[in-house]
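Asker: Quick one: sequence and predicted model below, then my questions.
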Amino acid sequence: MKNIPYLLLTLVVLLLITAACSSNKTVEIPPPPPPSPLQLAHAYADSGATAFTAEDYLSAIKYFSQARDYYTQAAPTATPTDSIEVNIERIDLNIALSYVNQGNEDASLGLYDDALTTYEKAANIYKSLKPITIKPEERDDYLSKLYRNMAITAQNAKQYERALQYYDMVLTYEPGNEEILNIKYHILKDDIKDQVRAYQVLKDYAEASQDYKAYLILAAAYKDSGDNATAEIYYLKAMELGQNPDVYTRVADFYRETKNYTKSNEILTKLIASTTDKSTLALAYRVMADNYAKLGNTAKKIEAYDNSLKYEESAEIALLLADHWNKQKNWDKVITYATKAINANPSNAAAYLLRGNAYYMKKNYTAAKADLQRIQNDPTYGKSATDILKKIK
């Protein structure tokens, strides 16, 4: 009894098939539904990715653009899991990057106008982006780098005014960038040959931004042109705005270059008070010592060199101090600084000679012998060491 329904069903199917065959009618299979806008969007996005990988950027742009159109069409009926907005953002980024790469190709072939037109399209896409998965800082970084590319391309095309405009765009994303300000200055000075405007561009930016870096660049420009009086005005303005080691270092160097060693040391004193970085402090004291040497102030020079050793060992400075105290016949200090020199450079023959002689003068003959015998065969100091050894009983 259980098999009857199955058999009846089979018969019905067979009868239907037989009837169809006997009537010679073709069974119509309904066509598959057309792909949805979302399916088409995904398909074109895949085609764009394939073209991009093959470095066919124009085709990539075409496919990605079609994908974007279909994502837009799909939006009204899409569900949250379709992530339409995220997909559109990704497509926009892909289109922009395709434009950038196409622009790079054009620029490498010397097609500068084509490259700049293509770069502009990429820039417009980046600027229109409302970040979803990327951060606003990332988008701005893309734009900053793109405008740098555009500026360099315009320079290569000798379109200097256009290059200046693009560098101005970089500065909107990287305010106070010294490299960019310097490039602008040199384009005006060296390429456009407009010295007055070159200075004015730096002045205008410095005054508008009140950025100490801009004033440093302006000061350096006047210094390089030989106008130290005006350079000093802007160095002091930079120091007023940016009381930090970078500013103090540059201003101190300016005064050294103009041989105002006293003023340089005043600024170095501010530098020393502004930092705890050991290498910076050591260098500041060494420069200060050199300034005192030029001023003929030996006591202050020695004091500054001594301070530098508190922050950074230096065989050269320690040896210089050992030699100074050797001339003063202060044997204890000779031993102290010669030892510092040896610790920094164990093969320092001059330090062994100074220390050996100091031990000899203090009648510590055992220590003297130990130092002097180490350098008996030194081509420079060996004879002096041997002469002292002969005096030791």
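Answerer: The structure has been received and is ready for your questions. Residues are numbered from 1 along each chain as shown.
Asker: got the buried residues for stretch 330-341?
Answerer: By 16 or more other CB atoms under 10 Å, the buried positions in stretch 330-341 come out as 331, 333-341. Placement of C-beta: from N, CA and C, glycine included.
Asker: and if you look at stretch 288-296?
Answerer: Buried residues in stretch 288-296 (16+ other CB under 10 Å): 288-293.
Asker: Kindly report the same for stretch 93-103.
Answerer: 93-103.
Asker: Dump these into JSON lines; add pLDDT and secondary structure as well.
Answerer: Formatted as JSON lines, the buried residues of stretch 93-103 follow (pLDDT from 0 to 100; DSSP: H, G, I helix; E, B strand; the rest coil):
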{"residue": "Leu93", "pLDDT": "96", "secondary structure": "helix"}
{"residue": "Asn94", "pLDDT": "96", "secondary structure": "helix"}
{"residue": "Ile95", "pLDDT": "97", "secondary structure": "helix"}
{"residue": "Ala96", "pLDDT": "97", "secondary structure": "helix"}
{"residue": "Leu97", "pLDDT": "97", "secondary structure": "helix"}
{"residue": "Ser98", "pLDDT": "97", "secondary structure": "helix"}
{"residue": "Tyr99", "pLDDT": "97", "secondary structure": "helix"}
{"residue": "Val100", "pLDDT": "97", "secondary structure": "helix"}
{"residue": "Asn101", "pLDDT": "97", "secondary structure": "helix"}
{"residue": "Gln102", "pLDDT": "97", "secondary structure": "helix"}
{"residue": "Gly103", "pLDDT": "97", "secondary structure": "helix"}
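Asker: what's the distance between Arg286 and Lys270?
Answerer: 17 Å (CB to CB, to the nearest Å).
Asker: For this protein, name the helix or strand with the lowest mean pLDDT.
Answerer: helix 4-22 (a mean of 35; mean pLDDT, DSSP states H and E).
Asker: who does the helix or strand just after that one touch, helix- and strand-wise?
Answerer: Next helix or strand after helix 4-22 toward the C-terminus (DSSP states H and E): helix 37-53. Contacts defined by 3 or more CB pairs under 8 Å, 6 or more residues apart in numbering; DSSP states H and E place helix 37-53 against helix 57-74, helix 84-108.
Asker: Is it possible to get a markdown table of those helices that adds distance to Lys189?
Answerer: As requested, those are arranged in a markdown table below (distance: least, CB to CB, whole Å):
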| stretch | distance to Lys189 |
| --- | --- |
| helix 57-74 | 37 |
| helix 84-108 | 25 |
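Asker: quick one on the thing from earlier: which of the buried residues of stretch 93-103 lies closest to Pro245?
Answerer: Val100 (38.0 Å; CB to CB).
Asker: Sticking with Ala123, tell me its helix or strand.
Answerer: Element membership for Ala123, per DSSP H and E: helix 112-128.
Asker: Quick check: buried residues in the helix or strand that that helix is followed by?
Answerer: Using DSSP H and E, the next helix or strand after helix 112-128 towards the C-terminus is helix 136-156. Judged by neighbour count using 16+ other CB under 10 Å, the buried positions of helix 136-156 are 139-140, 142-144, 146-151, 153-155.
Asker: Where does pLDDT dip in the chain?
Answerer: For the chain, the stretches flagged by pLDDT under 70 are 1-27, 393.
Asker: what about Arg286 and Lys270, which has more around it?
Answerer: More crowded of Arg286 and Lys270, by other CB atoms under 10 Å: Arg286, with 20 against 17.
Asker: what's the helix or strand for the more buried one?
Answerer: Per DSSP H and E: helix 278-295 holds Arg286.
Asker: Quick one: list the elements packing against the helix or strand following that helix.
Answerer: Later in the chain than helix 278-295, the nearest helix or strand by DSSP H and E is helix 298-309. For helix 298-309, the packing partners by 3+ CB pairs under 8 Å, 6+ apart come out as helix 278-295, helix 315-327.
Asker: what about Lys135, how many residues close to it?
Answerer: 9.
Asker: quick revisit: now what about the helix holding Ala123, what contacts it?
Answerer: Contacting residues not belonging to helix 112-128 are listed as 92, 95-97, 99-100, 102-104, 106-107, 139, 142-143, 146-147, 149-150, 153-154, 156-157, 159, 162 [CB atoms under 8 Å, 6 or more residues apart in numbering].
Asker: at 7 Å instead, please
Answerer: With contacts defined as CB atoms under 7 Å, 6 or more residues apart in numbering, helix 112-128 is touched by 92, 95-96, 99-100, 102-103, 106-107, 139, 142-143, 146, 149-150, 153-154, 156-157.
Asker: repeat for stretch 42-51
Answerer: With contact meaning CB under 7 Å, 6+ apart, stretch 42-51 is reached by 59-60, 63-64, 66-67, 70, 91, 94.
Asker: can we see that at 10 Å?
Answerer: Residues outside stretch 42-51 that contact it (CB atoms under 10 Å, 6 or more residues apart in numbering): 35-36, 56-71, 74, 82, 87, 90-91, 94-95, 98.
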